[in-house]
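>>> I would like to see how this sequence folds:
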Amino acid sequence: FRINPDFAEAHNNLGGVLQIRGDAQGALDHFTKALQLKPDYPELHTNLGNYYRDQKQYDLAGNHYATALKQDPNYIAAYNNLGISLRAQGRLQEAVEQYEQALKLAPNYAEAHNNLGNVFKDIGMEDKAEAEFNEALLSKSDDPETHNNLANVLYRQGRYCEALERQDKVLSINPDYSDARHGRSISLLALGRLSEGWKDNEWRFKKKKDPIRKPPLTQPAWNGEPLTDRSILIYAEQGIGDEILYSSCYQDVVDRAGDCIVQCDLRLKDLLKRSFPEAKVVGAARDDTQWPSRVPAFDVHIAAGSLPGYFRQELTDFPEHNGYLKTDPDLESAWRDRLAEVGGGLKIGVSWRSVIKSENREKYFAGIRQWKSVLQLPGITFINLQFDECNLELEEVQREFGIKLHSWNDMDLFNNFEEAAALISNLDLVITGPASTADLAGALGRPVWMLAFYPIWKMLGTGGMPWYPNTRVFFREHNEKREDTIRTLAAELERLITE
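Reported below is the predicted structural model:
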């Protein structure tokens, strides 16, 4: 800049370097200076688009990509980067159009094939996604990201061995590719190769995408050494359904430790205290980062999701049980009386979607209208177990199908797990997707029929859920319509009623 401080290309290039180094403000300063000097500069507008995309300011990013393409309609990278921005906003069809435009100009553009494959995966078009990833690999055969993306879509199709082969390929190229290492653990667990899978599952803390956060604890982690006369803290991770699932290992720790402290979601505190009376239970809200200062003194600690690596290394390590969580007997009795007032026949609880609303989660569930073949069966009193606001859906079911799903206005299923557990403990059957409802009912020992539209690694290579012996899984085969899977369940339910 000493020679020519008004050299726009230099400002643009330096901005790109600073952005890579993480100096966002410095990058923006140089991009802005370059823009003042040379507004008709498509490469600069693309860099500004990338900058704003990284800042999650997608509208500004889109404006700059559009300007770049107006200045140069054949600028392939701008089409590709605009597609990335649109995908991040959930505008998937528009993203497809941008990638396809890039590929019209450059049919062998590996990055666009890879990105288009990711969008097809998001949409649920696994076959098309697989084809795009394979196209990308024809031009860029040793790209670890593309191999990993292909592994993910193979896993989604239930092709676990092929997914594992791709993950091993990624790791042969880059042994520290954390997302592939974690993905490998999921494939291994889905195949029932538990000891290997649990070992790699520790990479969940190192993933680039959505890593599990460890609390700031100064004591050492527990690595399986004897716990006699020692105290151990088990801390919660992931969602509340995961907490319930991994709590199936808590008694194993209690039986071995001199003292066991359990940190949990505040909503589970009373349920876990009753179920594991020898443990000290500390509840904390999800956004409470100060809970470590409130736990009793302890010697070592472990994340709840790491316990199966020590106590569930073989399928034979999973105990038979009729429920390891214990309800409040008074609440259970009260709900028995309330349920007696709503009608006769089987009392069946239903939950059709997750409380977590995201495109990634929604693919595992079916809308309530798709449950028609189940809900129209006679001789059943259906109980709403949806944990969030669903009044419009309940009204739709009653209007369209003439079916009432019973619910109570004074009942907060999302926040009051004590009440939810007491209600579920009185039901004859729970039908649900792979949500926390399935975990709670399974941990209470109730019969559960779970609809699985995509692979669930927690099945551990079996046809059911080893964690919950009373859970039966209705698994959708690849390319089978969801309504067909639900009709299969409905036929089994009809047979159960008539027996």
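>>> the residue lying closest to Val295 once chain neighbours are set aside is in what secondary structure piece?
Of all residues not flanking Val295 in the chain, Val282 sits nearest, at 5.1 Å (CB to CB, 6 or more residues apart in numbering). Heads up, the C-betas are built off the backbone N, CA and C, glycines and all. Here Val282 is covered by strand 280-284, with elements defined by DSSP states H and E.
>>> I'd like the next helix or strand past that strand.
Scanning onward from strand 280-284 (DSSP H and E), the first element met is strand 300-303.
>>> for that following strand, which residues meet the burial criterion?
The neighbour-count check on strand 300-303 (16 or more other CB atoms under 10 Å) flags Val300, His301, Ile302, Ala303 as buried.
>>> dump these to CSV, plus distance to Leu86 and pLDDT.
Putting those into CSV (distance: CB to CB, whole Å; pLDDT from 0 to 100) gives the following:
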residue, distance to Leu86, pLDDT
Val300, 47, 98
His301, 43, 98
Ile302, 42, 98
Ala303, 36, 98
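>>> of the residues you listed, closest to Asp143?
Ala303 (32.1 Å; CB to CB).
>>> hey, what's the closest one bridged with?
Bridge pairing for Ala303 (DSSP bridges) gives the partners Tyr235.
>>> C-terminal to the host helix or strand of His147, what's the next element?
In this assignment (DSSP H and E), His147 forms part of helix 144-156. The C-terminal neighbour of helix 144-156 among helices and strands, as given by DSSP H and E, is helix 160-173.
>>> ranges for the helices of the stretch 351-499 of the chain?
Under the criterion DSSP state H, counting those that start in this stretch, the stretch 351-499 of the chain contains helices at 359-362, 372-375, 391-401, 417-424, 436-443, 482-498.
>>> please identify the deepest-packed of the ones you listed.
helix 436-443 (a mean of 28; mean count of other CB atoms under 10 Å).
>>> ok, Ala180 touching Ile173?
No - using CB atoms under 8 Å, Ala180 makes no contact with Ile173, being 9.2 Å away.
>>> re earlier: only alpha carbons, please: show the strand holding Val282 as PDB.
Extracted C-alpha coordinates of strand 280-284, given in PDB (Å, rounded to 0.1, in the frame of the first residue of the first chain):
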ATOM      1  CA  LYS A 280     -27.500 -36.800  45.000                       C
ATOM      2  CA  VAL A 281     -29.400 -35.100  42.200                       C
ATOM      3  CA  VAL A 282     -28.800 -31.500  41.100                       C
ATOM      4  CA  GLY A 283     -31.200 -29.900  38.700                       C
ATOM      5  CA  ALA A 284     -30.400 -27.100  36.300                       C
END
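>>> that one - contacts with which helices or strands?
In terms of contacts (3 or more CB pairs under 8 Å, 6 or more residues apart in numbering; DSSP states H and E), strand 280-284 is packed against strand 259-265, helix 269-275.
>>> if you set the cut-off to 10 Å instead, what comes out?
Judged by 3 or more CB pairs under 10 Å, 6 or more residues apart in numbering; DSSP states H and E, strand 280-284 is in contact with strand 231-235, strand 259-265, helix 269-275.
>>> could you pull out the strands for this protein?
231-235, 259-265, 280-284, 300-303, 346-351, 380-384, 405-406, 429-432, 448-452, 471-475 (DSSP state E).
>>> ok, back up a step: now the strand holding Val282, how far from the centre of its chain.
Strand 280-284 sits 25 Å away from the centroid of its parent chain (CA atoms, centre = their mean, to the nearest Å).
>>> and the angle for it with strand 231-235?
On the basis of axes from the mean of the first three to the mean of the last three CA atoms, to 10 degrees, strand 280-284 is oriented at 30 degrees to strand 231-235.
>>> what's strand 280-284 in contact with?
215, 231, 233-236, 250, 259-275, 290-292, 294-296, 298 (CB atoms under 10 Å, 6 or more residues apart in numbering).
>>> now do the end-to-end distance for stretch 32-43.
Taking CA to CA, to the nearest Å, stretch 32-43 runs 13 Å from one end to the other.
>>> just give me how far that stretch sits from the chain centre.
Remark: stretch 32-43 is offset 41 Å from the chain centroid, using CA atoms, centre = their mean.
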